[in-house]
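*Asks:* Please find the sequence and the predicted model below.
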Amino acid sequence: MNITRRSFIKSLALNSAVVAAATVFPGISFGAWKETDILSGGIQWKKTPCRFCGTGCGLLVGISGDRAVAVKGDPNCTVNKGLCCVKGYHSVQILYGKDRIKKALVRKNDTLVEVPLKEALDLVAEKMKETIKSHGKDAVSIYGSGQWSIPDGYAASKLFKGCIGTNNVEANARLCMASAVTGCLTSFGLDEPMGCYEDIDNADVFVTWGNNMAEMHPVLFSRMLANRKSKTHVKIIDFATRTTRSSQAADKSILFKPQTDLAVANAICYEIIRNKWVNWSFVKKHVSFHKGKTNIGYGTTWFTIFTS
Ligand code: SF4
């Protein structure tokens, strides 16, 4: 990077403005390139979901002109109640990161060549048209990101179902959950993990099992910590293959060798059955085809188990 004395001093001034703004407006992350907006206060706040992890925090993004310049947690969002983690706070800065991909690689004569994104997209469109012409509309499909927003998914569905006329629309959001959905359906009778975020405010014991919530879902983890802080009996047990920030915050950290935790799950099931904590009417209603080989039951302690 070529830094001149002038650009260095300018960047120092910018950083000072950003630091000063952050002091005046705690809880807001500003983009450094718009220090005039920060100081003039000419920012419009727009609601949006954070797209970094699946927690679903509500954000307010500060818009100045045609650019996003600042971000903060939405105090009216029931998920994060104004909180925001470091990933959410960086969602505006990364829009203008100098190292964002602005070119595509296209293979030409067995060599990958850098081309403008438009050229690469035109090539994809041309190949799709050729494929549809030769093999029909069901010869093409789209596989979307798990981070698709509703408008993204809507646009993709419109294009593939409405315009092209194929049902071949899939997204990672569904496929990556397919095994979990099958497990939840057969074990609990519902196609989704049990409980809701409010359970976190009311649970007595948390077991984070193979999941580093402190870093992966920090806003929910802070909700867990807030619950523990407000009551003396609340405990967090971290059950993982390595020590993480979640382990460090836990009351008890248990390390296991990779792939040995099934034995622990079976031991828990054994204890639940042995102590007659199983709600058999529930089990028979929801998992009758398991015929006694069920893996679920209720204990007297509420366990919230997060698995990744
Ligand atoms: S926890 Fe962080 S990354 Fe996840 S949705 Fe909330 S702000 Fe975004």
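*Replies:* Right, received. Where do you want to start?

*Asks:* Pick out the residue of the stretch 101-250 of the chain closest to the ligand.
*Replies:* In the stretch 101-250 of the chain, no residue comes nearer to the ligand than Val219, which is 3.8 Å away by Cβ to the nearest ligand atom. All C-beta atoms are positioned from the backbone trio N, CA, C, and that covers glycine.

*Asks:* any idea how far that residue is from Gln248?
*Replies:* Using Cβ to Cβ, to the nearest Å, Val219 is found at 18 Å from Gln248.

*Asks:* So if I had to pick from the two, which one is more boxed in?
*Replies:* Per other Cβ atoms under 10 Å, whichever of Val219 and Gln248 has more neighbours is Val219, with 24 against 10.

*Asks:* How about residues contacting the host helix or strand of the more buried one?
*Replies:* Assigned by DSSP states H and E, Val219 falls within helix 218-230. Helix 218-230 has contacts (Cβ atoms under 8 Å, 6 or more residues apart in numbering) with 55, 57, 79-80, 83-88, 197, 200-203, 206, 213-214, 234-236, 246, 249.

*Asks:* In the stretch 1-150 of the chain, what residue spans correspond to strands?
*Replies:* Here the stretch 1-150 of the chain has its strands, by DSSP state E, counting those that start in this stretch, at 28-30, 44-49, 58-64, 67-73, 103-108, 111-116, 142-144.

*Asks:* How about the residues of the stretch 151-300 of the chain by the ligand?
*Replies:* His217, Pro218, Val219 (Cβ under 6 Å from any ligand atom).

*Asks:* I'd like those as TSV, with pLDDT appended.
*Replies:* Converted to TSV, these look like this (pLDDT from 0 to 100):
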residue	pLDDT
His217	89
Pro218	91
Val219	92
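
*Asks:* Out of those residues, flag the one nearest to Cys269.
*Replies:* His217 (26.3 Å; Cβ to Cβ).

*Asks:* What's the local residue count around the nearest residue to Leu95 once chain neighbours are set aside?
*Replies:* Ranked by Cβ to Cβ, 6 or more residues apart in numbering and with sequence neighbours excluded, the top spatial neighbour of Leu95 is Ala68, at 6.0 Å. The tally of other residues near Ala68 (other Cβ under 10 Å) stands at 19.

*Asks:* cool, and the one 3 residues further on?
*Replies:* By the criterion of other Cβ under 10 Å, Val71 has 24 neighbours.

*Asks:* Quick check: the gap between it and Gly146.
*Replies:* 21 Å.

*Asks:* Please indicate which of the contacts of helix 218-230 are buried?
*Replies:* 55, 57, 79-80, 83-85, 87-88, 200, 203, 206, 213-214, 234-236, 246, 249 (16 or more other Cβ atoms under 10 Å).

*Asks:* Inside helices: which ones of those?
*Replies:* Lys87, Gly88, Ile200, Met213, Ala214, Ser246, Ala249 (DSSP state H).

*Asks:* Among these, which one lies nearest to Ile150?
*Replies:* The closest of these, once distances to Ile150 are taken by Cβ to Cβ, is Gly88, at 18.3 Å.

*Asks:* what's the closest residue to that closest one other than its chain neighbours sitting at in phi/psi?
*Replies:* Leaving aside its sequence neighbours, Gly88 sits nearest to Cys50 (Cβ to Cβ, 6+ apart; 4.4 Å). Per-residue torsions, Cys50: phi -80, psi 140 (degrees, to the nearest 10).

*Asks:* pretty sure Cys50 is in contact with Leu59, am I right?
*Replies:* Yes: taking contacts as Cβ atoms under 8 Å, Cys50 lies within contact range of Leu59: 5.0 Å.

*Asks:* list residues touching both of the two?
*Replies:* Cys84, Gly88, Ser91.

*Asks:* Please parse the chain into its domains.
*Replies:* For the chain, the structural domains run 5-96, 102-134, 136-176, 178-306, going by automatic domain parsing.

*Asks:* With respect to burial, which of those domains scores highest?
*Replies:* domain 5-96 (a mean of 16; mean count of other Cβ atoms under 10 Å).

*Asks:* Helices of the stretch 151-300 of the chain, residue ranges please.
*Replies:* In the stretch 151-300 of the chain, the segments counted as helices under DSSP state H, counting those that start in this stretch are 172-175, 178-188, 197-202, 213-216, 218-230, 245-249, 261-274, 280-286.

*Asks:* For the first one, give the mean pLDDT please.
*Replies:* Averaged across helix 172-175, pLDDT comes to 78.

*Asks:* counting contacts, what elements does it pack onto?
*Replies:* Helix 172-175 sits against strand 142-144, with contacts defined as 3 or more Cβ pairs under 8 Å, 6 or more residues apart in numbering; DSSP states H and E.
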